Every structure is written in structure tokens, then in C-alpha cells.
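In: Below is the structure, and that's it, no one-letter string:
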Ligand code: ARG
């Protein structure tokens, strides 16, 4: 800083150009520095999450200012060099400030003098913070997308091994109809595929630049908003400057997509907890925990924590909407609290996705125990009724016969004994033997859980050939999502590289 610099900020009391030591900063001045509310106002600690994003945004904005002739190229070079230095020192070394944006600006001014203040030409912290949030959130969303795709892969792999492994299917947590482990796991692959889609859709809307909106009302400077968007790898801008600076709908949408994903995982976790309790699935030790007092215990803690993360994620989504509801245009400081926790929640949900996938991939599915459980509670009853209806009986009559048989059929009955009970019920209800409609052999086959499952070959059903189609479709979907994810990562990496190259032209 030079004394004769016309741009040097002047302290009102001393008449001296201001340094930034003590409580006041380049932006706050002494009137708004210090006092009991300063800490409450400050988001500097939480802003560690957007420190890197802020530096990228500062760099892109500075390059654009130089390209547009708004800031001299040599000054831009000094600012950009100072930003490198600020980055090397790290977030922890920043001077005091209400937030990272102000602290970084102060740090630049501390290094190069008042010219550092030119960095904030034609922008506001309002468009700056909105851009930083989006810049950081893109990475979190892509990480979450990646985790969902990997989880789907794990599900498909295990499903592939268990296309013929019968298991009980439940409704109301009561034995309902037998299915296969593959069919069960693919039900979650379907849910996670939609979670991938929702996250990617959120990403598309997050990936727009608000920069250049200034406080909300635009700027008289000849800024090139498309250029900063390009330098930061955004796929265009949020055009209306009031919308750009004020909207946080993308946070609500991202949090909702994360909460929906966490809810999918929570259902999977709950199932596996129940299956472990029934002794049909055993988690790998790596995904279990034990008791500090009961040495025999092997507990599904990882899955319980997965279930727990859903609560936090739902809280993030509802908290975000509650905060946004009724905020007037354009900027209100409430917004500082809108994004503080989303990055952490995104990380928690990503981790839960990875852990749930790992638990599924490494669990032992006890085929014998599953087969035994699959037939419990006369779970093949619907299949027997279907068989009678296919033999020409009205389904309602068939339902009545099998309902009557259900009173008599017991777990452990041989197929022959169970078929005899169905026959007896048929005679009671219709006065005719079963053989008037179907062969005894077919009834016994319908009473077998594996045969029963194999017979349900409707599209998307559990019969192995129907599952084979689903497996192929799931694999194709995973591959397409992997390609799309790689393209998005490449685009961001290319933008980072291009921005670095532009910066190098000045430094
Ligand atoms: N840290 C603030 C935030 O996150 C920056 C914006 C401050 N803007 C203002 N008009 N007071 O929202």
C-alpha cells in the first residue's frame, strides 16, 4: 500500500490509511467491527466448506474483470498472486471477518494494499456466496451420485449370484409370498436408480452461475456473466439477477434428493436388520459391532446408523424449506444459515450409501434358512389360488378354498399333506374334488416355494428369467449413469484447468 494511492481506504478517526489488524476489517471498518454480536454474525468457521470455492470464484471474477478492462491486467495479476498465497496459507490463517468472502478480501488487501479491494468491483457477497455454495455443492452431489451408482452395482452383483435363491417376501411384516434374493435386491436397485436420477436433476439446476447478479440488482459495470460461468465450469447462468442472488431452491431440492436417497437406504437397512434378527442373513464382521458387556452379541450397528442418517437428512430438507418459507426478496441474512449444514449432510448420506452397499455386498445369505423361511405361513397360498383360477375356477372361489385350507395347513406339512388339505377344502366349498380343475401334481408344485416363485414370470416378477431381464436393464442403466457422471467430472476438471491457465497469464 502506498500513501499517495488515491484508492487507499482512510480511517475516519485517525486519518490514516487503514490496515486490517485489530477487530476491524477492510469491509467492516470500525463501526461494524467488535461488539457482542460479531461472533453471532460470523459464518467464517462454517465457511471452511466453501474456502476453495471462494478462491475459484475470486479468480474467475478477477480474470473476467481484467478481460473486460474493468481492472488493469497488472493489478489483476497482483490480486491473483495474492489469492495463491491466501490459498497456501489455508482457511485457518484468514484474518477475522464476517465470512470467508470478507476475510479473503481482507487477506488480499493485507498482502497488496488497497488495489486488492478492486477484486470486489461489480459484485456483492450475495452473488458471491450463492456462487460458492453451488460450486461446492456440485462436488458433493457428484460424490453422492457416484455412491448410488456403486451401491447399485453391488446390489446387481449379489442379485446375480442369487437369482434362484428363494426367500420369504413380506407384507405387513407377515409372510406373504416367496420371492428370490435377486428380486428383492433389484427392488432397491430400482429405488437407487431413481435416487441417482433425482441427484443428477438437482445437479443440473445447481450447476448454473449466479455470479454478476451483484447484490440482486445487477451492476453498471460491463461484466461478462457468461464468461465467469464458463471459467467456473457452470452450464450457464441464473439470468434474472434478483432470482440469482436470492434463490436457494436448489438447496431445498438437493437436500430433498439426499433425504429421499437416505430414506431408500433406511428401508434397506431396516430389512437387513430384520433379516439378521430372523437368522437368514449374517453381516460380515466389518459391518457389525458388538456389545461392551454381552460378549456373544453381533449387532447390525452400521445399518442402524444408516437408518439414523435418514433422520438427519430429512431434518436438513425440512429445515431448509422452513428457513426459506416466506423470506421476502431479495437478500436476507437468514440465508447464511441455509447452506451451513448441507455439505455435512451430503457427506453423511454418501457415507451411509457406501456402508449400506458394503454391508449388502459382504453379507452372507443363508440359502437353507431362507428356503425354509420362504414357505412359512402358507406363503404359497396365493400361487395355489392362481393355479385353481388358471384351471377355470373363478378367482374368488379359489381364494375361498385356499383360505379354508389355510386354517389347516401348518408349517412343516409335506407337499402331499398340504395338497390333501387343499383338496378337502375344495370339496367342502364346491362339492367337487380339486382334480376337476387341476392335477394333484400341479398343486404340489404350486405349494413349493421355488416352483411358486418360478411361475411368476410376469415382467418385473421374481421368476429367474424375468429377473435376468431386470438384471440386464439395471446393468445398462448403471453404465449410462457412470458415463454421464464421468462426463460431468471431466467438464469440471477441464474448467478448473482452463481457469488455472487463464490465471497463469496474469500471475
Ligand atoms: N455470509 C453471507 C451469506 O452467507 C454473505 C452475504 C452477506 N450479504 C449481506 N447482504 N449482508 O449469506
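Out: Arrived safely. What you see is a predicted model; the values in this text were computed from it and never measured.

In: Going toward the C-terminus from the helix or strand encompassing residue 197, what's the next helix or strand?
Out: Taking DSSP states H and E as the definition, residue 197 sits inside helix 181-206. Counting by DSSP H and E, the element after helix 181-206 in chain order, helix or strand, is helix 225-231.

In: what comes up buried for that following helix?
Out: Within helix 225-231, the residues that count as buried by 16 or more other CB atoms under 10 Å are 225, 227, 228, 229, 230, 231. Backbone N, C-alpha and C define where each C-beta goes, glycine included.

In: Could you do stretch 386-404 as well?
Out: 386-389, 391, 393, 397-402, 404.

In: possible to save the residues you listed as CSV with pLDDT, secondary structure and distance to the ligand?
Out: As requested, the buried residues of stretch 386-404 are exported to CSV (pLDDT from 0 to 100; DSSP: H, G, I helix; E, B strand; the rest coil; distance: CB to the nearest ligand atom, whole Å):
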residue, pLDDT, secondary structure, distance to the ligand
386, 94, helix, 60
387, 93, helix, 65
388, 94, helix, 67
389, 94, helix, 64
391, 93, coil, 70
393, 93, coil, 69
397, 95, helix, 68
398, 95, helix, 65
399, 96, helix, 62
400, 95, helix, 66
401, 95, helix, 68
402, 94, helix, 64
404, 95, helix, 68
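
In: Against residue 501, how distant is residue 421?
Out: Using CB to CB, to the nearest Å, residue 421 is found at 80 Å from residue 501.

In: Those two - which one has more neighbours?
Out: Neighbour tally, residue 421 and residue 501, criterion other CB atoms under 10 Å: the higher count belongs to residue 421, 19 against 9.

In: Okay, and that one sits in which element?
Out: Per DSSP H and E: helix 415-430 holds residue 421.

In: Could you give the average pLDDT over that helix?
Out: For helix 415-430, the mean pLDDT works out to 93.

In: residues in contact with that helix?
Out: Identification of contacts with helix 415-430 by CB atoms under 8 Å, 6 or more residues apart in numbering yields 378, 384, 388, 393, 397, 400-402, 404-405, 408-409, 413, 432-437, 440, 443-444, 447-448.

In: And the buried ones among those, selectable in ChimeraX?
Out: To isolate the buried members of the contacts of helix 415-430 in ChimeraX, using 16+ other CB under 10 Å:
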select :378,384,388,393,397,400,401,402,404,405,409,413,434,437,440,443,444,447,448
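
In: Among the contacts of helix 415-430, which lie within helices?
Out: Applying DSSP state H to those, the entries found in helices are 384, 388, 397, 400, 401, 402, 404, 405, 408, 440, 443, 444.

In: In a markdown table: these, plus distance to residue 60.
Out: Output for the ones in helices among the contacts of helix 415-430, formatted as a markdown table (distance: CB to CB, whole Å):
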| residue | distance to residue 60 |
| --- | --- |
| 384 | 68 |
| 388 | 71 |
| 397 | 74 |
| 400 | 73 |
| 401 | 74 |
| 402 | 69 |
| 404 | 75 |
| 405 | 73 |
| 408 | 76 |
| 440 | 78 |
| 443 | 73 |
| 444 | 73 |
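
In: now, among those, which is nearest to residue 494?
Out: Nearest to residue 494 among those, counting by CB to CB, is residue 384 at 61.2 Å.

In: is the helix or strand of the chain with the lowest mean pLDDT anywhere near the ligand?
Out: Lowest by mean pLDDT, DSSP states H and E among the helices and strands of the chain is helix 38-41, with a mean of 90. No: counting by CB under 6 Å from any ligand atom, the ligand has no neighbours in helix 38-41; the shortest distance is 8.9 Å.

In: what mean pLDDT does the helix or strand just after that helix have?
Out: As assigned by DSSP H and E, the chain's next helix or strand after helix 38-41 is helix 51-67. The average pLDDT within helix 51-67 is 98.

In: need the residues of the protein near the ligand, please.
Out: Taking CB under 6 Å from any ligand atom as the criterion, the chain approaches the ligand at residues 43, 99, 125, 126, 129, 331, 333, 335, 336.

In: Backbone torsions only: list them for the second one.
Out: Put plainly, it is residue 99. phi -160, psi 180 (degrees, to the nearest 10).

In: count of neighbours near the closest residue in space to it that isn't next to it in sequence?
Out: Using CB to CB, 6 or more residues apart in numbering and skipping residues adjacent in sequence, the residue nearest residue 99 is residue 43, 4.7 Å away. By other CB under 10 Å, the residues close to residue 43 number 21.

In: residue contacts, residue 43?
Out: Residues counted as contacts of residue 43 (CB under 8 Å, 6+ apart) are 98, 99, 100, 336, 340.

In: Among the residues you listed, which are located in helices?
Out: Using DSSP H, residue 100 are the members of the contacts of residue 43 that sit in helices.

In: which of the contacts of residue 43 tops the neighbour count?
Out: Counting neighbours by other CB under 10 Å, residue 100 comes out on top of the contacts of residue 43 with 29 neighbours.

In: Does that one touch residue 49 like I think?
Out: No: in this structure, residue 100 is not within contact of residue 49 by CB atoms under 8 Å, at 9.1 Å.

In: Can you tell me the element residue 382 falls in?
Out: Take DSSP H and E as the rule and residue 382 turns out to sit in helix 381-390.

In: Off-centre distance for that helix?
Out: With CA atoms, centre = their mean, to the nearest Å as the basis, helix 381-390 stands 42 Å off its chain's centre.
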